[in-house]
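Undergrad: no sequence on this one, just coordinates:
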């Protein structure tokens, strides 16, 4: 990096003026200054330019940039004479040369220098444009423009020798030592392959798959980016069958992208070594995509990048090749026995796969409209490919997701089990198929032994399925295996650490285990991850109740009910437990006026049981179709007043819980 250290020093001076005033620009500039790889320098120079161009688009062109390429916006700024011509020249120069950081090809490291010079010119102008003209500029821009010409070879007076870095000739001892080191490394690398067979590498590798970006210029093509992301996630997940590969979950990756967290913080909090980024560059029958991998621990550097073309039918085949290459780049070499074990990528039905991706994207919004649209898309996915096991498993998981919400139309558990069984009949080798059936058996049929068998099989096929770990944890809790439940829930958190669901509900397990301080900390952490997260308030209030902090518990659950009226039952139960029976009965009247659904029936059963009104409690506990949570009445305190009643023994007999 010594050949452009002077340019970095100039940027360090500018950083002092930028940092604090322009946080996003300052963050990218700081990464650039710390980078020690020419590709990363180019990459972060381009990101600095992107921040500036995006701001100019909003301030001068009066519109959002969207996904429009930088060159198009620079041309528009030029056409409308919004930016001085010499600055536009630097913008074009930086934009063109910095693409070598995103698409590594043959280039001379000396070309990094004009990129940094151009960036310094742009930054000084940008500070002045924003009203912070506190840098020395007299004649400097002109000097740097002449320096740029020199870097492109226009200075004829510079000899070839002057442009060459002379290295000291190593002595003979150094050569001998180097050869010995190389031989030792070769032996260490080859030994396990020659004598240890194809067993799993003991050291786990971790990658975060960032949401693909749509750079086609059309927002309507966002689904194409989602399709690429899903395809690569599937193919990477298969590698986990034979190698210890951890893929950070989609909620965590999306949170990093949305909140623009610092790479160092993300690496530390999510315990991630590599980022995988991708972009869709063109649409149509054939899409051009770009994928690159960045190592972020122990230091940030570009590992690999390349462009590919794919059509929708062969999308899994393309990403299978990319996934294998990624595994190789991070040191998870797949030997022939490993590759034999892996399922081969299949052709997909384009319409079905597109509908599946759109459906899952809608479901993740967790809104009423999103749930409805999500199910519509997933039904369309199955209708387009009725014999596709993945489409059927997707629809099953869609129904099972809705069954956990107040939006359950009443048959969600039944439909979830129906499509999960169909998926299993079509293909028993897919992790998602086993996960769907495990969840259905846990919440719908109460076939607990079979549920656990399918959870284990799903996680053997792909240990990265964070939601399978999550549901399995609650099964273990129901079956009286608390220590295993907490350990399993921590695995869900490990694979998707920024998903507030995994942190908040882990806190609820701590509540049941009597670890109230840990429950409070988990609940507060979930609220830090997502502002006003409802399960965070639910768990926090219950922890305060368990600690005897009744006033705080009531206050928290009042806020929960105010923000989320569907959670009014939590406040009602808290009033009952703290001796505010009249207030609880007023809330019960509101709940009784609501439409009877599976969720509403379960809430009524909880409240009547806590009040000691047994006939009504058993009436609503027996309501069919039952809610997903009904089985957990057996292990929660709100139903303790029903214990000893013959009807309670009948309920437990119907559950057929395993003996501890």
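TA: Right, received. Where do you want to start? This structure is a prediction, so every number in the text was calculated from the model and none was measured.

Undergrad: could you check the distance from the residue lying closest to residue 349 once chain neighbours are set aside over to residue 437?
TA: The shortest distance from residue 349 to any non-neighbouring residue, by C-beta to C-beta, 6 or more residues apart in numbering, is to residue 385 (4.0 Å). Backbone N, C-alpha and C define where each C-beta goes, glycine included. Computed with C-beta to C-beta, to the nearest Å, the distance linking residue 385 and residue 437 is 19 Å.

Undergrad: Could you do residue 288 as well?
TA: Going from residue 288 to residue 437 by C-beta to C-beta gives 38 Å.

Undergrad: And those two? Which one has more around it.
TA: The residue with more neighbours, out of residue 288 and residue 437, is residue 437; 30 against 16, by other C-beta atoms under 10 Å.

Undergrad: hang on, isn't that one packed against residue 419?
TA: No. At 9.6 Å, residue 437 does not count as touching residue 419 under the criterion of C-beta atoms under 8 Å.

Undergrad: what residues do those two have in common as contacts?
TA: Listed as contacting both residue 437 and residue 419 by C-beta atoms under 8 Å, 6 or more residues apart in numbering are residue 396.

Undergrad: C-terminal to the host helix or strand of residue 321, which secondary structure element comes first?
TA: Taking DSSP states H and E as the criterion, residue 321 maps to helix 315-329. Remark: after helix 315-329, the chain's next helix or strand is helix 336-341, criterion DSSP H and E.

Undergrad: pLDDT of that next one, averaged?
TA: Mean per-residue pLDDT for helix 336-341: 85.

Undergrad: How far off centre is that helix?
TA: How far helix 336-341 lies from its chain's middle: 29 Å, per C-alpha atoms, centre = their mean, to the nearest Å.

Undergrad: same for that helix, what does it pack against?
TA: Here helix 336-341 touches no other helix or strand, going by 3 or more C-beta pairs under 8 Å, 6 or more residues apart in numbering; DSSP states H and E.

Undergrad: Could you measure from the residue nearest to residue 349 over to residue 508?
TA: To residue 508, residue 385 is 38 Å away according to C-beta to C-beta.

Undergrad: And for residue 572?
TA: Residue 572 sits 18 Å away from residue 508, going by C-beta to C-beta.

Undergrad: same thing with residue 116?
TA: 52 Å.

Undergrad: swap in residue 88?
TA: To residue 508, residue 88 is 57 Å away according to C-beta to C-beta.

Undergrad: Between those two, point out the one with more neighbours.
TA: The residue with more neighbours, out of residue 88 and residue 508, is residue 508; 20 against 17, by other C-beta under 10 Å.

Undergrad: wait, what's in contact with that one?
TA: By C-beta under 8 Å, 6+ apart, the contact list for residue 508 reads 519, 535, 538, 539, 542.

Undergrad: which SS state does it fall under?
TA: At residue 508 the chain is in helix, as set by DSSP: H, G, I helix; E, B strand; the rest coil.

Undergrad: okay, it: pLDDT?
TA: For residue 508, pLDDT reads 98.

Undergrad: for the residue nearest to residue 349, phi and psi?
TA: Torsion angles at residue 385 (phi, psi; degrees, to the nearest 10) stand at phi -150, psi 80.
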